[in-house]
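J.: Have a look; sequence and predicted model below, questions after that.
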Amino acid sequence: MPSEPTALRAETTARIDTMVAEAQAAGRVPSLVAGVVRNGRLAHLAAAGTTPAPGPDTQYRIGSISKTLTATLALRLRDAGALNLDDLLYRHLPGTPVGGVTVRQLLGHVSGLQREPEGEWWERSAGGDVAALLDGLTADKLSRPPYRGYHYSNLAYGLLGALLAAVTGTDWWTQVREGLLGPLGMARTTYQAAEPFARGYVVHPFDGTLREEPRHDAGAMAPAGQLWSTVSDLGRWAAFLADPASAGNGPDGRPVLDPATMTEMCAPVTISDLESWTAGHGLGVELWRRGDRVYVGHTGSMPGYLAVLAVHRPSRTAVVAYANAYTMLGSGIAGLGMDLLTAVLDAEPVPPAPWRPGTEPPADVAPLTGRWWWMGREYEVGWADGELVVRALTTPGATPWRCTPDGTDRWRCRSGMNDGEVLRVLRAPDGTPRALDIATFVFTRDPATEG
């Protein structure tokens with residue numbers, strides 16, 4: 001197993017502290033707090049500002065980061081067989097005039113629904129109930145055809161909350177509290193603010209005075225942005241996004257989320273930046289590319305508050321950050337979060353897993369190992385951790401194909417370009433392996449022989 005350091009070097013923490021202090025001063029926010037999470041633990045806390053002087057247990061409003069919890073609930077229900085991601089909305093909310101969009105489209109912001117519900121700005125006014133939200137829907141709330149590109153929609157997540165309640169018979173907040181927060185130990189993540197919490201402000205652009213913002217109950221729109229949390233608690237959520245296998249089971253005895261489902265959530269549904277491909281959206285999570293790395297998470301804002309959650313899943317490293325102002329000058333909270341995460345990863349790369357001796361393959365597997373050829377390209381089949389591992393020697397750096405048993409002379413590939421495909425062993429009359437058929441591509445021992 002690779003070593004899993006948690007503590008950061010002194011020079012790294014000093015750099016993080018400086019970046020946070022500079023961002024608070026340049027951004028003109030009353031307080032700013034950021035946490036670095038490594039391997040499931042809060043490794044460092046950096047704070048700046050005195051209104052208030054924040055700590056790891058100070059609550060801020062997380063805004064749209066709430067959507068990541070809503071999406072996780074939807075995927076849990078899918079895994080339990082209670083819904084399908086390609087279900088049309090009207091299957092679960094009969095009679096809705098926008099029922100022709102799917103659960104997947106709602107999660108990925110490609111439903112075509114307009115950004116906000118009708119009426120007063122929901123983030124700054126008391127919200128109504130689910131019935132009122134549904135009654136306010138008309139067919140023209142579809143502002144564009146589904147899958148005509150990315151279009152962020154808070155309304156979509158209000159409808160997802162209504163769908164979750166309809167499917168389970170339990171309100172959204174109860175599902176969040178019992179299905180996610182309880183199992184993950186996130187006791188300081190709440191529906192309404194709970195002391196100690198930072199008051200949220202709009203900062204006057206000319207004189208720097210503060211106007212405190214109201215803290216309304218979003219009602220039916222709560223699944224889009226209601227929740228409050230702390231650096232410590234959101235750090236636990238970040239650790240869960242990085243490695244759901246470490247989270248244990250929920251109250252129903254099932255894992256909080258299958259790791260394969262989290263990987264599915266973090267796969268792109270759409271690219272939101274079609275020019276440079278630096279941003280996109282999965283099933284409830286935002287995706288950002290920084291160089292060769294991809295971060296997953298979400299940003300959040302509510303009147304008086306900004307938040308960011310950015311996770312690098314391969315290294316199990318994340319940054320969470322909050323400010324208690326509606327505007328942060330400079331790169332903003334999102335830019336700061338990703339800059340902090342990049343600084344940590346650049347300064348402290350994850351060490352490679354040490355090589356360790358292997359075990360001999362079973363007698364019936366050993367004849368499959370060694371060199372194989374396809375179309376003049378050389379491949380190596382090895383054995384590790386109970387799997388066949390196929391490496392393309394002519395394409396250094398390509399992801400190996402790891403294959404698990406799937407029946408007699410059948411192996412199922414679980415990684416790389418052949419993920420999900422079947423490897424079949426083709427045998428000569430005497431029973432010796434003569435070829436490997438991988439998705440109709442036939443690999444032989446002789447580079448001059450095809451098939």
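T.: Received, thanks.
J.: for this structure, which helix is longest?
T.: In the chain, taking DSSP state H as the definition, the longest helix is helix 10-27.
J.: Report the mean per-residue pLDDT for the helix or strand containing residue 159.
T.: Using DSSP states H and E, the element containing residue 159 is helix 154-168. Here helix 154-168 scores 97 as its mean pLDDT.
J.: any residues touching it, and which ones?
T.: Contacts to helix 154-168, defined as C-beta atoms under 8 Å, 6 or more residues apart in numbering, come from residues 64, 67, 70-71, 73-74, 77, 82-83, 89, 92-93, 96, 98, 103, 105-107, 109, 111, 113-117, 122, 130, 133-134, 141, 171-172, 175, 220-225. All C-beta atoms are positioned from the backbone trio N, CA, C, and that covers glycine.
J.: What subset of these is buried?
T.: Buried members of the contacts of helix 154-168, scored by 16 or more other C-beta atoms under 10 Å, are 64, 67, 70-71, 73-74, 77, 83, 89, 92-93, 96, 98, 103, 105-107, 109, 111, 113-114, 116-117, 122, 130, 133-134, 141, 172, 175, 220-225.
J.: Narrow those residues to those in helices?
T.: 67, 70-71, 73-74, 77, 89, 92, 103, 105-107, 130, 133-134, 172, 175, 222-225.
J.: Run through the protein and note the low-pLDDT ranges.
T.: 1-5, 451 (pLDDT under 70).
J.: Apply 80 and report the result again.
T.: Scanning the chain for pLDDT under 80 picks out the ranges 1-6, 147, 247-254, 450-451.
J.: How is it partitioned into domains?
T.: 10-347, 366-444 (automatic domain parsing).
J.: The last one spans what distance, first to last residue?
T.: So the one you mean is domain 366-444. 16 Å (C-alpha to C-alpha, to the nearest Å).
J.: Distance across stretch 255-272, terminal residue to terminal residue?
T.: 31 Å.
J.: go on, stretch 246-258?
T.: First residue to last in stretch 246-258 (C-alpha to C-alpha) measures 11 Å.
J.: Stretch 408-417 too?
T.: OK, stretch 408-417 end separation, C-alpha to C-alpha: 23 Å.
J.: just stretch 190-210 next, same as before
T.: Where stretch 190-210 starts and where it finishes are 25 Å apart, if you go by C-alpha to C-alpha.
J.: what residues does that stretch touch?
T.: Everything outside stretch 190-210 that qualifies as a contact, by C-beta under 8 Å, 6+ apart, is 28-31, 51-52, 54-55, 57-61, 173, 177, 188, 211-213, 215, 217, 222, 226-229, 302-305, 322, 324-327.
J.: Those residues in strands, which ones?
T.: Taking DSSP state E as the definition of strands, the contacts of stretch 190-210 contribute 31, 60-61, 211-212, 228-229, 302, 305, 322.
J.: Run a quick check on residue 345 versus residue 293, I expect a contact.
T.: Yes: applying C-beta atoms under 8 Å as the test, residue 345 and residue 293 come out as touching, 6.8 Å apart.
J.: tell me, what's touching those two both at once?
T.: Counting by C-beta under 8 Å, 6+ apart, the residues touching both residue 345 and residue 293 are residue 312.
J.: Please list all residues in contact with the residue nearest to residue 118 when sequence neighbours are not counted.
T.: Among residues not flanking residue 118 along the chain, residue 136 sits closest, at 5.2 Å (C-beta to C-beta, 6 or more residues apart in numbering). The contact partners of residue 136, by C-beta under 8 Å, 6+ apart, come to 117-119.
J.: List just the nearest of the residues you listed to residue 410.
T.: residue 117 (51.1 Å; C-beta to C-beta).
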